[in-house]
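# Here you go, sequence then predicted model.
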Amino acid sequence: MRTKIYIKALWGIFLSVIFIMNVSAQDSNDSTKKSEEESTIIKVGNMAPDFTVEMLDGRSLNLSDMKGKVVLVNFWATWCGPCMAEFKEIPEKIIKRFEGKEDFIFVPISRGETRETVQKKMNQLRRVGIVFPVGLDPDKKIYESYATMYIPRNFLIDKDGKVVFTSVGFEEKTFTALVDKIDQLLK
């Protein structure tokens with residue numbers, strides 16, 4: 001009899017703990033979403049702030065020179081796991097898919113890192129087939145005109161210079177939606 005009471009009590013405690021964990025996880029997800037929104041300076045519908053970025057190869061790109069093109073600006077860092085997961089998808093789903101589309105430009109920008117650190121990472125990535133030009137934002141000036149926290153971050157800019165899609169972090173579903181949006185803009 002006592003054993004049954006203990007089992008019921010333990011089962012009740014277990015269910016209570018699970019319930020509390022679910023509520024806490026939901027609160028955490030809600031606060032993360034709120035924090036992501038609060039840390040996003042440039043939102044869908046805003047005009048993209050102009051910038052000049054020095055590319056790893058020494059060239060400079062100006063966003064204003066890209067008007068009339070669809071531009072995907074991607075902020076990342078070498079130490080960022082989700083950034084590297086996203087980078088694994090980019091050669092096939094972005095570079096190859098939109099190759100030859102003169103009205104599309106992909107601009108990945110390393111946030112807050114030295115040229116040497118970025119060069120070393122890109123050399124490592126090249127060995128596994130991840131090859132594309134990247135920009136440098138060592139002092140985060142470009143990044144901080146778009147957001148204050150969290151990477152990877154994508155800002156998709158239409159031909160008129162307006163931000164039409166943003167994403168934070170890397171999730172396959174969101175990345176697919178980004179690719180689909182690029183497709184729509186190029187039609």
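Done, it's in.
# can you give me phi and psi for Lys173?
The phi/psi pair for Lys173 (degrees, to the nearest 10) reads phi -60, psi -50.
# With Arg59 as the reference, measure out to it.
34 Å (C-beta to C-beta, to the nearest Å). Where C-beta positions appear, they are placed from N, C-alpha and C, glycine not excepted.
# What of Lys96?
Lys96 is 22 Å from Arg59, by C-beta to C-beta.
# now Leu136
Distance from Leu136 to Arg59, counting by C-beta to C-beta: 11 Å.
# So what's the residue count around Ala85?
Neighbours of Ala85 under the rule other C-beta atoms under 10 Å: 15.
# helix, strand or coil for it?
Following DSSP: H, G, I helix; E, B strand; the rest coil, Ala85 is assigned to helix.
# got a pLDDT number for it?
pLDDT for Ala85: 95.
# what do you get for Ile20?
41.
# Now do the domain split for the chain, please.
Annotated domains of the chain cover 1-38, 40-186 [automatic domain parsing].
# can you pull the contacts of the closest residue in space to Ala85 that isn't next to it in sequence?
Closest residue to Ala85 apart from its sequence neighbours, by C-beta to C-beta, 6 or more residues apart in numbering: Phe170 at 4.9 Å. The neighbourhood of Phe170, defined by C-beta atoms under 8 Å, 6 or more residues apart in numbering, consists of 82-83, 85-86, 152.
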